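S.K.: pasting a predicted model and its sequence here:
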Amino acid sequence: MGRKQSGTKNITIIDNRKVGVFFFVIAAVIIVVNLFVRFYDIHKSADYKHVDGVVSSIDKQSHYYAGKRRYKTTVSVIYSPEGTDMNYFVSNSGFMMQFAKKGDVYRVYYKESNPRDAYIAEKDWLTGRYVHAGRDYNDALIITAVLLLIAILFFEDGVKTRRKALKEGKPEMPGNTEPQKKIRIGDIVTVTVDRPLGSYHPEHRKMYYPVNYGYIEGTIAADGEAQDAYILGINEPVKEFTGEVIGIVHREDDVETKLVVAPQGSNYTGEQVMKQINFTEKYFKSYVVMKLKNIDVDPEDLVALGFKIREGHCCYFLSMDETPSKETILKLFDLLTIEQELTFWSFYRYSGSDPGEYVTVSVENGKAVAIRGNHGWSSGYESISIDDLIELIQRNWDKDWDSIKNYVNSIEISKTYDPDSMRRWMDHPTGVFVPDYSVTAW
């Protein structure tokens, strides 16, 4: 239930049973590949003859690598191919070679057509056959054993968590519940309060709760537990509260979101909300998304597209650190009806008497109509193609003039006060607006 509020950031872990299965699969793949390589080398050895050889020299070297001294043991074995009186030697290095002693006898596999093409072999404990001594096949098995141990620990923890959740009647982890309806601003919800006003955090005793705080039973949040909620407008401790979701708190440095619930009809500003919940949100990079007044667009849909919402004196500004892509702008258009309009600069001049041109546009059903203006004039309502409109909006981004900071890297969204007239202009525009990018003075 997101019960881990403190001055440190939360760590969210997905269903540990799934993590365990993931490590099991990786371990299984490594085992299969390892067995394949072993049997492939055994099969390949059929092209070689073998004879016993004697360790003639052992060369131990050390070198620094990655800040540590590393040691390498190379063993040379003298062997004489059958039917000849010539001696050859072959060298190998590997984990098992570290235990070799001068005079030890090893089996050497060589090609009859080319006796110098040879390798030192050792008996494989897993298959009972001779394999290349320098392959270090067992390293993969050691890695596999570690992965299996990790898999068991994760899986066991996931099973325990599931049993505990079922025992307490709480939701399980993501992936183990039915798809749930997303809670939106304006929804009516019931909050089960487990940290009432006036209480302290069970682990962090210095954290005092000046508001009631709880969770929405039967929901799943991004941290795998029930959705948390702050309750505002209730000035006494309660065990349960039913109210309206007036805002959603997002954390830029954490996956969790928090609902803000208040009595229906409450009138809070974002600043007032953040002030009351600052006792925990001060530990995070948080911002609250509130209902857009007079604008029939769900702000969470705008946040999902990557926009940040800032309230202005008459409207809202949608900003984004990067220039929005064509796909993002098209999705924004899909959220709009003739009831909303967008305003942005199309070009800017330094002149105070003629600061440049701004564009106010309405979009509906794949059509757009725009009116251009500045402090001294305005055009009629002209049709504009969606592609031209998108390019104009994108050209508004990444500018740095302080004198127009309200428009830089943002677009304004506001209410259309006469949507019927806008529909008429959309069907019968005064002309066609084809942007002249040569006058752009950014």
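M.R.: The structure has been received and is ready for your questions.
S.K.: quick one: distance of stretch 426-436 to the chain centre.
M.R.: Its chain's average C-alpha position is 42 Å from that of stretch 426-436, according to CA atoms, centre = their mean, to the nearest Å.
S.K.: use 49 as the first number from now on
M.R.: Yep, numbering from 49; the last one is stretch 474-484 now.
S.K.: just how off-centre is the longest helix seen in the chain within its chain?
M.R.: Scanning the chain for the helix with the most residues, using DSSP state H, yields helix 185-216. Its chain's average C-alpha position is 24 Å from that of helix 185-216, according to CA atoms, centre = their mean.
S.K.: buried set for that helix?
M.R.: Within helix 185-216, the residues that count as buried by 16 or more other CB atoms under 10 Å are 185-186, 188, 192, 195-196, 198-199, 202-203, 206, 209-210, 213. To be clear about C-beta, it is placed using only N, CA and C from the backbone, and glycine gets the same treatment.
S.K.: of the residues you listed, which is the nearest to Ile74?
M.R.: Nearest to Ile74 among the buried residues of helix 185-216: Leu195, at 5.7 Å, using CB to CB.
S.K.: was I right about that closest one contacting Ile78?
M.R.: Yes - contact status for Leu195 versus Ile78: in contact at 7.2 Å, counting by CB atoms under 8 Å.
S.K.: hang on, the earlier thing: dump the buried residues of helix 185-216 into CSV; add distance to Val259 and pLDDT as well.
M.R.: Below are those laid out as CSV (distance: CB to CB, whole Å; pLDDT from 0 to 100):
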residue, distance to Val259, pLDDT
Tyr185, 62, 74
Asn186, 60, 75
Ala188, 56, 79
Thr192, 51, 85
Leu195, 46, 87
Leu196, 47, 88
Ile198, 41, 89
Ala199, 42, 85
Phe202, 36, 83
Phe203, 39, 81
Gly206, 34, 75
Thr209, 29, 70
Arg210, 32, 64
Ala213, 27, 56
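S.K.: turn these into JSON lines, including distance to Asp302.
M.R.: Output for the buried residues of helix 185-216, formatted as JSON lines (distance: CB to CB, whole Å):
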{"residue": "Tyr185", "distance to Asp302": "44"}
{"residue": "Asn186", "distance to Asp302": "43"}
{"residue": "Ala188", "distance to Asp302": "38"}
{"residue": "Thr192", "distance to Asp302": "35"}
{"residue": "Leu195", "distance to Asp302": "29"}
{"residue": "Leu196", "distance to Asp302": "32"}
{"residue": "Ile198", "distance to Asp302": "26"}
{"residue": "Ala199", "distance to Asp302": "28"}
{"residue": "Phe202", "distance to Asp302": "22"}
{"residue": "Phe203", "distance to Asp302": "26"}
{"residue": "Gly206", "distance to Asp302": "22"}
{"residue": "Thr209", "distance to Asp302": "20"}
{"residue": "Arg210", "distance to Asp302": "24"}
{"residue": "Ala213", "distance to Asp302": "22"}
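S.K.: contacts for stretch 175-185?
M.R.: Residues outside stretch 175-185 that contact it (CB atoms under 8 Å, 6 or more residues apart in numbering): 82, 85-87, 89-90, 93, 98, 140-145, 154-155, 157, 167-172, 174.
S.K.: switch the cut-off to 7 Å
M.R.: Contacts of stretch 175-185 from elsewhere in the structure, counted by CB atoms under 7 Å, 6 or more residues apart in numbering, are 82, 86, 89-90, 93, 140-145, 155, 167-172.
S.K.: so where is the stretch 149-298 of the chain shaky, pLDDT-wise?
M.R.: 182, 210-229 (pLDDT under 70).
S.K.: quick one: the strands in it?
M.R.: In the stretch 149-298 of the chain, the segments counted as strands under DSSP state E, counting those that start in this stretch are 153-159, 162-171, 178-180, 236-243, 260-264, 275-279, 288-299.
S.K.: can you list the ones you listed in a markdown table and add distance to Ser426?
M.R.: As requested, those are exported to a markdown table (distance: least, CB to CB, whole Å):
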| stretch | distance to Ser426 |
| --- | --- |
| strand 153-159 | 90 |
| strand 162-171 | 86 |
| strand 178-180 | 83 |
| strand 236-243 | 44 |
| strand 260-264 | 48 |
| strand 275-279 | 45 |
| strand 288-299 | 36 |
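S.K.: turn those strands into a markdown table, including distance to Thr132 and mean neighbour count.
M.R.: Below are the strands of the stretch 149-298 of the chain laid out as a markdown table (distance: least, CB to CB, whole Å; neighbours: other CB atoms under 10 Å):
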| stretch | distance to Thr132 | mean neighbour count |
| --- | --- | --- |
| strand 153-159 | 11 | 19 |
| strand 162-171 | 7 | 17 |
| strand 178-180 | 22 | 21 |
| strand 236-243 | 85 | 18 |
| strand 260-264 | 83 | 24 |
| strand 275-279 | 81 | 25 |
| strand 288-299 | 77 | 19 |
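S.K.: out of the ones you listed, which is closest to Phe381?
M.R.: When the strands of the stretch 149-298 of the chain are compared by CB to CB, strand 288-299 sits nearest Phe381, at 23.4 Å.
S.K.: hmm, what's the outermost residue in this structure?
M.R.: For the chain, the residue at maximal distance from the C-alpha centroid (CA atoms, centre = their mean) is Asp133, at 67.7 Å.
S.K.: what does the residue positioned nearest the centre of the chain show for phi and psi?
M.R.: Nearest residue to the geometric centre of the chain (CA atoms, centre = their mean): Val303, 8.9 Å. Per-residue torsions, Val303: phi -80, psi -20 (degrees, to the nearest 10).
S.K.: could you list the domains of this protein?
M.R.: The record's domain parsing of the chain by automatic domain parsing lists 96-181, 227-339, 346-490.
S.K.: what about the second one, distance to the chain center?
M.R.: On the basis of CA atoms, centre = their mean, the separation between the geometric centre of domain 227-339 and that of its chain is 23 Å.
S.K.: in the chain, which spans are helices?
M.R.: Remark: helices assigned in the chain by DSSP H are 64-92, 185-216, 318-324, 326-329, 347-352, 374-383, 434-443, 467-475.
S.K.: now those in a markdown table, with distance to Val308?
M.R.: Shown next, in a markdown table, are the helices of the chain (distance: least, CB to CB, whole Å):
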| stretch | distance to Val308 |
| --- | --- |
| helix 64-92 | 31 |
| helix 185-216 | 26 |
| helix 318-324 | 5 |
| helix 326-329 | 11 |
| helix 347-352 | 13 |
| helix 374-383 | 22 |
| helix 434-443 | 31 |
| helix 467-475 | 31 |
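S.K.: and those, which one is worst for confidence?
M.R.: In terms of mean pLDDT, the lowest-scoring of the helices of the chain is helix 185-216 (a mean of 76).
S.K.: just the angle between it and helix 64-92, please?
M.R.: Relative orientation of helix 185-216 versus helix 64-92 (axes from the mean of the first three to the mean of the last three CA atoms, to 10 degrees): 160 degrees.
S.K.: okay then, goodbye and thanks.
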